[in-house]
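1. heads up, no residue letters with this:
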């Protein structure tokens, strides 16, 4: 990603990164920053990041061909400069990833805009999009796009800030200890929200307590500055909030929440109607996505926007205007009369349970089909978590279960143990196998849920279903 509005001098870069000029002195500047030669524009500073499976220091010659203005490299990789032309200035730093964050933090400080930071085990992207929909109706807003929520993506997002922006809505993800603290230190948010805490990325974070402390470092690093938005329904977040000594707003469906909902009325695939209460004053909302968990996401977004100074009417209008992103709680009414619910971006036990509960709510008296992939990065408890989903499926009793991945065998075994018919479970590798069986069974009014962790590529299954049953797809 690059930002052509971003102009930084060598002195700016040396000051923010505490780097050293290895070549070319300090009388130069760059326009925009790039970490990827495929998207690098002429005049950009090329930052050579190094990861487990890549090394940007091997791309210096290509960056020069694309018109880079200068290089920022790790000082211990200076031998790589032999492969690059001698004319370009070079700054050396101990760690280029750290330097990227340092540059972004200094750039963020140039703009007096409020930054909203959102993290959580599930629902953070939907909530971020709800917040962005509310606030962007009247303000010029920068928001996280796609999955740019890590130590590379968040700095690159902040580096898009310019004078036209009036607010920034930033998503923070993590899969290892310390990442949220680092991202918070870079973004310096004025408003912090943790949507919920549940079993996700246990492989890197170790335990639910580890997840709680990692997510909680958003509040800890904010250190009493600004507002925090607290999920009153989540005991782990309530515990974190007890350590907070600044301003807070409580949201949720339990007693004591300042931002809550009443008269919740499901409207099938169209969404949910409810009365949004802020400080005891109600306004009507029609949320165009089904499921009780999305009402909770809406309350989180409402509390966040309220904290940012938006009134009840603007918040309700923004929530009503919100539409799910493609592939995230997306519902299509297929041409054959069936419905497809696509939630294929990611999966953990919490989000899987909510998706299945929503499927149960929506199917009514019609058939439901669950197309599920492995839930990844759950560590030693992975078997148990898949078994729990298998138990839930036995209770829900879909017409058929399609499973992909080695971990779903635990899910299947538990569902069968709990009485689900073995003959109604199909393990598949090719999406065509799912379509072939659905072709003989799917009838108008039936529901199909497609969900699994990103690496399971469940979106390919959704695409095949759309191709087979929806020549003119319509998104609700």
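-> Yes, it's here. Given the structure is predicted, the values throughout are model-derived calculations rather than measurements.
2. closest to the centroid, which residue in the chain?
-> residue 125 (3.9 Å; C-alpha atoms, centre = their mean).
3. wait, a helix at it?
-> Yes: the assignment for residue 125 (DSSP: H, G, I helix; E, B strand; the rest coil) places it in a helix.
4. which residues touch it?
-> Residues in contact with residue 125 (C-beta atoms under 8 Å, 6 or more residues apart in numbering) are 171, 325, 328, 345. C-beta: built from backbone N, CA, C; applies to glycine.
5. what mean pLDDT does stretch 216-226 have?
-> In this model, stretch 216-226 has an average pLDDT of 95.
6. pull out the buried positions in that stretch.
-> 216, 217, 218, 219, 220, 221, 222, 226 (16 or more other C-beta atoms under 10 Å).
7. just the residues you listed: which are in helices?
-> 216, 217, 218, 219, 220, 221, 222 (DSSP state H).
8. can you tell me which of those is nearest residue 98?
-> Set against residue 98, the nearest of these by C-beta to C-beta is residue 221 (15.9 Å).
9. residue contacts, the closest one?
-> 180, 181, 184, 185.
10. the same query, at a cut-off of 7 Å, please.
-> By C-beta atoms under 7 Å, 6 or more residues apart in numbering, residue 221 lies in contact with 181, 184, 185.
11. what helix or strand does the closest residue to it other than its chain neighbours sit in?
-> Leaving aside its chain neighbours, residue 221 sits nearest to residue 184 (3.9 Å; criterion: C-beta to C-beta, 6 or more residues apart in numbering). In this structure, residue 184 is located in helix 179-187 according to DSSP states H and E.
12. starting at the chain centroid, how far to that helix?
-> 16 Å (C-alpha atoms, centre = their mean, to the nearest Å).
13. with stretch 235-243 instead?
-> On C-alpha atoms, centre = their mean, the centre of stretch 235-243 falls 22 Å from the chain's centre.
14. which parts of the stretch 251-400 of the chain are helices?
-> Remark: helices assigned in the stretch 251-400 of the chain by DSSP state H, counting those that start in this stretch are 292-307, 312-321, 349-363, 382-396.
15. how about the ones you listed, which one is nearest residue 446?
-> That would be helix 349-363 among the helices of the stretch 251-400 of the chain, by C-beta to C-beta, at 7.6 Å.
16. hang on, the earlier thing: ok, the buried residues of stretch 216-226 vs residue 459, which is closest?
-> Among these, and counting by C-beta to C-beta, the member closest to residue 459 is residue 218, at 29.5 Å.
17. that closest one and residue 355: what is the separation?
-> 25 Å (C-beta to C-beta, to the nearest Å).
18. ignoring the adjacent residues along the chain, who's closest to residue 439?
-> residue 468 (6.7 Å).
19. how near is the one you found to residue 402?
-> 14 Å.
20. more neighbours, these two?
-> Each of residue 468 and residue 402 has its neighbours counted (other C-beta atoms under 10 Å); residue 402 has more, 25 against 18.
21. flag every buried residue along stretch 58-76.
-> Quick answer for stretch 58-76 (16+ other C-beta under 10 Å): 59-60, 62-64, 66, 68-74.
22. out of the residues you listed, the closest to residue 453 would be?
-> Among the buried residues of stretch 58-76, and counting by C-beta to C-beta, the member closest to residue 453 is residue 59, at 29.7 Å.
23. the closest one against residue 37, yeah?
-> Yes: applying C-beta atoms under 7 Å as the test, residue 59 and residue 37 come out as touching, 4.9 Å apart.
24. can you tell me how far residue 281 sits from residue 109?
-> Counting by C-beta to C-beta, the gap from residue 281 to residue 109 is 36 Å.
25. run a quick neighbour tally on the residue lying closest to residue 388 once chain neighbours are set aside.
-> Once flanking residues are discounted, residue 388 sits nearest to residue 349: 6.5 Å by C-beta to C-beta, 6+ apart. Neighbourhood size, residue 349 [other C-beta under 10 Å]: 23.
26. which SS class is residue 435?
-> helix.
27. please name the nearest non-neighbouring residue to it.
-> That would be residue 468: by C-beta to C-beta, 6+ apart, it lies 4.7 Å from residue 435.
28. packing partners for the strand or helix carrying residue 467?
-> Taking DSSP H and E as the definition, residue 467 sits inside helix 459-469. Contacts defined by 3 or more C-beta pairs under 7 Å, 6 or more residues apart in numbering; DSSP states H and E place helix 459-469 against strand 339-343, helix 431-441, strand 447-451.
29. between those, which gets nearest to residue 247?
-> strand 339-343 (33.9 Å).
30. what does the closest one contact?
-> So strand 339-343 is contacted by 269, 327-334, 355, 359, 447-451, 462, 465-466 (C-beta under 7 Å, 6+ apart).
31. if any of those are buried, give me the PyMOL selection for them.
-> The buried residues among the contacts of strand 339-343 can be selected in PyMOL (16+ other C-beta under 10 Å) with this line:
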select buried, resi 269+327+328+329+330+331+332+334+355+359+447+448+449+450+451+462+465+466
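32. excluding chain neighbours, what is closest to residue 261?
-> residue 274 is the one closest to residue 261 (C-beta to C-beta, 6+ apart), at 4.5 Å.
33. so residue 256 touches residue 230, yeah?
-> No: using C-beta under 7 Å as the test, residue 256 is too far from residue 230 to be in contact (10.3 Å).
34. now residue 122: how far from residue 398?
-> 21 Å.
35. same thing with residue 233?
-> 27 Å.
36. which one's more surrounded, those two?
-> residue 398 (24 against 17).
37. do I have it right that the more buried one meets residue 369?
-> Yes: Residue 398 is in contact with residue 369 according to C-beta under 7 Å; the separation is 5.9 Å.
38. correct me, but the residue nearest to residue 221 touches residue 219?
-> No: applying C-beta under 7 Å, one finds residue 184 not in contact with residue 219, separated by 8.8 Å.
39. if we can go back for a sec, got the contacts of residue 221 as JSON lines, with pLDDT and distance to residue 88 columns?
-> Listed next are the contacts of residue 221 as JSON lines, based on pLDDT from 0 to 100; distance: C-beta to C-beta, whole Å:
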{"residue": "181", "pLDDT": "97", "distance to residue 88": "34"}
{"residue": "184", "pLDDT": "98", "distance to residue 88": "34"}
{"residue": "185", "pLDDT": "97", "distance to residue 88": "30"}
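40. how about the helices of the stretch 101-250 of the chain, start to end?
-> Counting by DSSP H, counting those that start in this stretch, the helices of the stretch 101-250 of the chain are 124-135, 153-158, 179-187, 202-205, 208-222, 235-241.
41. what about these, which gets the closest to residue 295?
-> helix 124-135 (11.0 Å).
42. what is the orientation angle of the closest one with helix 349-363?
-> 70 degrees (axes from the mean of the first three to the mean of the last three C-alpha atoms, to 10 degrees).
43. what distance separates helix 124-135 from the centre of its chain?
-> 11 Å.
44. related to what we said a few turns ago, quick check: pLDDT value at the residue nearest to the centre of the chain.
-> Value for residue 125, per-residue pLDDT: 94.
45. any idea how far residue 390 is from it?
-> For residue 125 relative to residue 390 (C-beta to C-beta), the value is 27 Å.
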